[in-house]
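Undergrad: Quick one, what's the 3D model for this:
(one chain, ligands or ions: 1)
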Amino acid sequence: MTTFDAVDIIRTKRDGGILSSEQIAWTIDAYTRGAIADEQMSALNMAILLRGMNLQEIAQWTAAMIASGERMDFSSLRGPDGKVKATSDKHSTGGVGDKITLPLAPLVAVFGVAVPQLSGRGLGHTGGTLDKLESIPGWQANLDNAQLMRQLSDVGAVICAAGAGLAPADRKLYALRDVTGTVEAIPLIASSIMSKKIAEGTGSLVLDVKVGSGAFMKNEAQARELAQTMVALGKDAGVNTVALLTNMNTPLGLTAGNAIEVEESVEVLAGGGPQDVVELTVRLAEEMLACAGVHDADPAAALRDGRAMDVWKRMIAAQGGDPDAALPVARESDTVYAPADGVLVQLDALAVGVAAWRLGAGRARKEDAVQAGAGVRMHAKPGAYVRAGEPLMTLLTDTPDRFDRAREALADAVVIAPEGSRPDARLILDRIS
Ligand code: URA
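TA: Residues are numbered from 1 along each chain as shown. The predicted structure follows:
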């Protein structure tokens, strides 16, 4: 590989130039090996955030991150008819109360499409799928590749931790971006997400790009640009990719936490649950199945008639969990009441996410533990008519000294307007393919 000077590369991007594929391949490789210092990579990340990258540079940056580690291959998976099984995965850019992966993976598997859902833990105010599932007694997040393949073949759906071998350059780069104010660069987010998804080896991918206060992307134009970039990267790498832009101004469902989100997911799998969680689960299932070539499926029926629940129970049990065990419950609770009569027009996702995090549902540093029972249970969603003094939210934690800080986070979360007011209730804002 040709060797370059890191300072020249930083200067080129600082001045708005375009990096060559050789420069990009060298940069990612040298940084992963430790030959580019963190301070140099920080400067380059900031130059990318300020100057941007064209699609070719982003594709090369993504390819270099994929090349830093292993690539998984599901082509040996066979269905009962002996044919290669289609695989499909979903990735959400992160939100509050976003438990959709839990009912979605088993639901898609009902229709014979394998779902290898390699997931992460939460950091900051957005929850992590693995943290939620770890509240189920006995459930194990770490599988080796042989266990992953066996479960995909026997059950059809796996939700587990992404191994350290997948895009290790991204792991190092993401940790650096997190502490240098460079997370929010569209080229860096798109390449970070897509390098892991392409290395994972899924045949098709549906992206749920969140827009709003509780998301990375605060407005629709930014979210659309991110979605278009990721769809282009996926297609370029041979992964059939579509994206939905979905609303994250309000939390999804009525729970934000870990065990309480599992409980709500099980309600959805039992044919009930909040309408927005059901709607998004069914829509994402339809998109995943269509991307994998299945066009005649009825996912809503599979939630109602128990087929998705059967796969869920087998999926949890295959990873050591007891799907029928009681879930942990927080030791202490506190109630937030409606301050006035009227229509609830805002229940801010960021505020609820920060409150759940401060109650112990999330972590400030990667090595922190989370509380399984902590979080926020909501009793009304935007559009509901509420009366002064009625319970709006229940705060849950094992450590009651956290209530004050959680209440502070919620100080401006709720807006109540006169009767007749209507909040913007759109859940799915756009589809990019
Ligand atoms: N999720 C990722 O995996 N990477 C990012 O950069 C942002 C969200």
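Undergrad: From now on I want contacts and neighbour counts done on CA atoms only, so please keep to that.
TA: OK.
Undergrad: of all of the protein, which residue lies closest to the ligand?
TA: residue 189 (3.5 Å; C-alpha to the nearest ligand atom).
Undergrad: excluding its backbone neighbours, what's nearest that residue?
TA: residue 183 (6.9 Å; C-alpha to C-alpha, 6 or more residues apart in numbering).
Undergrad: right, and that neighbour touches residue 173 too?
TA: No: contact criterion C-alpha atoms under 8 Å: residue 183 and residue 173 do not qualify, at 9.7 Å.
Undergrad: shared neighbours, those two?
TA: Common neighbours of residue 183 and residue 173 are not found (criterion: C-alpha atoms under 8 Å, 6 or more residues apart in numbering).
Undergrad: got the residues of the protein near the ligand?
TA: For the chain, the residues in contact with the ligand (C-alpha under 6 Å from any ligand atom) are 93, 183, 188-189, 192-193.
Undergrad: among those residues, which are in helices?
TA: Using DSSP state H, 188-189, 192-193 are the members of the residues of the chain next to the ligand that sit in helices.
Undergrad: So for residue 80, what pLDDT did the model give?
TA: Listed pLDDT for residue 80 reads 74.
Undergrad: Provide the count of other residues in contact range of it.
TA: Neighbour count for residue 80, taken as other C-alpha atoms under 10 Å: 9.
Undergrad: before we move on, which element is it in?
TA: Here residue 80 is covered by no helix or strand, with elements defined by DSSP states H and E.
Undergrad: ok, now how distant is it from residue 155?
TA: Between residue 80 and residue 155 the computed distance is 12 Å (C-alpha to C-alpha, to the nearest Å).
Undergrad: mind giving me a markdown table with the residues of the chain next to the ligand and columns for pLDDT and neighbour count?
TA: What follows is the residues of the chain next to the ligand, written out as a markdown table (pLDDT from 0 to 100; neighbours: other C-alpha atoms under 10 Å):
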| residue | pLDDT | neighbour count |
| --- | --- | --- |
| 93 | 92 | 19 |
| 183 | 87 | 21 |
| 188 | 96 | 25 |
| 189 | 94 | 19 |
| 192 | 95 | 23 |
| 193 | 94 | 18 |
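Undergrad: Need the three-state assignment for residue 320.
TA: What DSSP: H, G, I helix; E, B strand; the rest coil gives for residue 320 is coil.
Undergrad: Revised request: answer the last question for residue 10.
TA: Classified using three-state DSSP, residue 10 is helix.
Undergrad: Model confidence score at it, please.
TA: 98.
Undergrad: Identify the residue spatially nearest to residue 196, adjacent ones excluded.
TA: Using C-alpha to C-alpha, 6+ apart, the closest residue to residue 196 is residue 167 (5.9 Å).
Undergrad: just the helices in the stretch 151-300 of the chain please.
TA: 168-178, 186-200, 220-236, 259-269, 275-291, 299-304 (DSSP state H, counting those that start in this stretch).
Undergrad: what is the mean pLDDT for stretch 388-402?
TA: Per-residue scores along stretch 388-402 average to 98.
Undergrad: Need the contact partners of that stretch.
TA: By C-alpha under 8 Å, 6+ apart, the list of residues contacting stretch 388-402 reads 330-341, 356, 358-360, 371, 373-380, 403.
Undergrad: can you give me how far that stretch is from the chain middle?
TA: Its chain's average C-alpha position is 26 Å from that of stretch 388-402, according to C-alpha atoms, centre = their mean, to the nearest Å.
Undergrad: just stretch 246-263 next, same as before
TA: Distance, centroid of stretch 246-263 to centroid of chain: 12 Å (C-alpha atoms, centre = their mean).
Undergrad: got the buried residues for that stretch?
TA: The neighbour-count check on stretch 246-263 (16 or more other C-alpha atoms under 10 Å) flags 246-263 as buried.
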